[in-house]
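Novice: Need coordinates for the following:
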Amino acid sequence: MDKIKAIAGLLACACLFLSALPSRVIAETSLIEVDLQLVLAADISFSISPDEQDIQRRGYVAAFRDPEVIRTITSGLRGRVAVTYLEWAGEESQAQVVPWSLVYDQASASAFADALERATINRKGRTSLSQALSVALGLFRQSPFVAERHAVDISSDGFNNNGPRVDRLRDALVYHGVTINGLPLMAGKDSGPESFLATYFEDCVIGGPGAFMMPVVRWEEFGQTLGRKLIMEIAGPEKTPATARLVRAADTGPARAKMDCLFGEKQDLKEYIQQLEEAVGKDRAPRWMPREQDWPMPD
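Specialist: Reported below is the predicted structural model:
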């Protein structure tokens, strides 16, 4: 009986202690629940110049110092989100630059921005949107947070040309309840194959409840576009554009034919074979499936 009374007394003290703590601290001592788990997946391929990569990095840093973004984060049901920053290029070039971070006020948002600002900016070859999505799914599985909503915010200035099919990875993430929102980098892509990048994102990359994309048409507008996009995805599907929809490979889309989700791979192979034929002669050019190391890379 004395042991029971002692245990009851300890429980009572614990309840009094917890009742004195803010609800946010109580949540952090349990499952660390957040309103959203967000992977920021930034393209660092060679097709983006160092100056453009600097603009991209500074845009993400500024976004987490933006009072409106912070206000949106703290206005959620739990008033906090979990964020991590992933840089990606080719299939073997994926790096989690800033680990999962809890953002719930100006100080924590600034801490995330500071960590990102201090990180070295890298540049790598090739473009594997599919591998970036695959790594993002793995990051959700490793996350110490719990949320009802999971989203990947992925930027790219080109088509998938390395790794698995991007639409299959898109569908895999959608199956696991992840929403993929796109940030196609369209600056200077008014003509040629790259002018179809936004269509490619719509048909082959974005997906999940409320999925949407916001093309960046001028590098000078990157920060502003990114800020609006983050506010909408943090706020939730009810705040996304009216055009947001569930995008999956098996869906019956609009009247126009869907874009070939292997467009990037086919275009890359075509250009490579053309370069090979010009270098050694059309009749002497061997026919093999090219490997990553076969492509000339900028210094």
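
Novice: alpha carbons only for contacts and neighbour counts from here, please
Specialist: Fine.

Novice: would residue 179 count as being in a helix?
Specialist: No - Residue 179 sits outside any helix when classified using DSSP: H, G, I helix; E, B strand; the rest coil, being strand.

Novice: After the helix-or-strand element of the chain with minimal mean pLDDT, heading C-terminal, what element do we hit next?
Specialist: Sorting the helices and strands of the chain by mean pLDDT, DSSP states H and E puts helix 23-28 at the bottom, at a mean of 41. Going down the chain from helix 23-28, the next helix or strand is strand 36-43, by DSSP states H and E.

Novice: Which strands or helices does that following strand pack on?
Specialist: Judged by 3 or more CA pairs under 8 Å, 6 or more residues apart in numbering; DSSP states H and E, strand 36-43 is in contact with strand 81-88, helix 129-142, strand 149-156.

Novice: rerun that using 6 Å as the cut-off
Specialist: With contacts defined as 3 or more CA pairs under 6 Å, 6 or more residues apart in numbering; DSSP states H and E, the packing partners of strand 36-43 are strand 81-88, strand 149-156.

Novice: Ok, which of those strands comes nearest residue 124?
Specialist: Comparison of the helices and strands packed on strand 36-43 against residue 124 by CA to CA identifies strand 81-88 as nearest, at 8.0 Å.

Novice: Neighbouring strands - and their directions - for the closest one?
Specialist: Here strand 81-88 is paired, per DSSP bridges, with strand 36-43 (parallel), strand 94-103 (antiparallel).

Novice: what angle sits between the shortest one and strand 149-156?
Specialist: Between the axes of strand 36-43 and strand 149-156, defined by axes from the mean of the first three to the mean of the last three CA atoms, to 10 degrees, the angle is 10 degrees.

Novice: where's strand 36-43 relative to the chain centroid, distance-wise?
Specialist: Relative to its parent chain, strand 36-43 has a centroid offset of 3 Å by CA atoms, centre = their mean, to the nearest Å.

Novice: in it, what counts as buried?
Specialist: By 16 or more other CA atoms under 10 Å, the buried positions in strand 36-43 come out as 36-43.

Novice: buried stuff in the helix or strand where residue 112 lies?
Specialist: Assigning secondary structure by DSSP H and E places residue 112 in helix 106-118. For helix 106-118, burial by neighbour count (16+ other CA under 10 Å) applies to 106, 108-113, 116-117.

Novice: Can you give me the domain assignment for the chain?
Specialist: Domains of the chain are assigned by automatic domain parsing as 26-239, 263-294.

Novice: mean confidence for the last one?
Specialist: For domain 263-294, the mean per-residue pLDDT is 66.

Novice: next SSE after the host helix or strand of residue 60?
Specialist: Element membership of residue 60, judged by DSSP H and E, is helix 50-63. For helix 50-63, the following helix or strand on the C-terminal side (DSSP H and E) is helix 67-74.

Novice: Buried residues of that next one, list them for me.
Specialist: 69-70, 72-74.

Novice: which residues sit against it?
Specialist: 79-80, 104, 231 (CA atoms under 6 Å, 6 or more residues apart in numbering).

Novice: nearest to residue 192, of those?
Specialist: Comparing the contacts of helix 67-74 against residue 192 with CA to CA places residue 231 closest, at 31.9 Å.

Novice: List the contacts of the closest one.
Specialist: residue 69.

Novice: run the last query once more with 8 Å
Specialist: 68-69, 72 (CA atoms under 8 Å, 6 or more residues apart in numbering).

Novice: Distance of it relative to residue 212?
Specialist: Counting by CA to CA, to the nearest Å, the separation of residue 231 from residue 212 is 13 Å.

Novice: Ok, residue 198 next?
Specialist: Residue 198 is 11 Å from residue 212, by CA to CA.

Novice: And for residue 79?
Specialist: According to CA to CA, residue 79 and residue 212 sit 23 Å apart.

Novice: of the two, who's got more company?
Specialist: Neighbour tally, residue 79 and residue 212, criterion other CA atoms under 10 Å: the higher count belongs to residue 212, 28 against 19.
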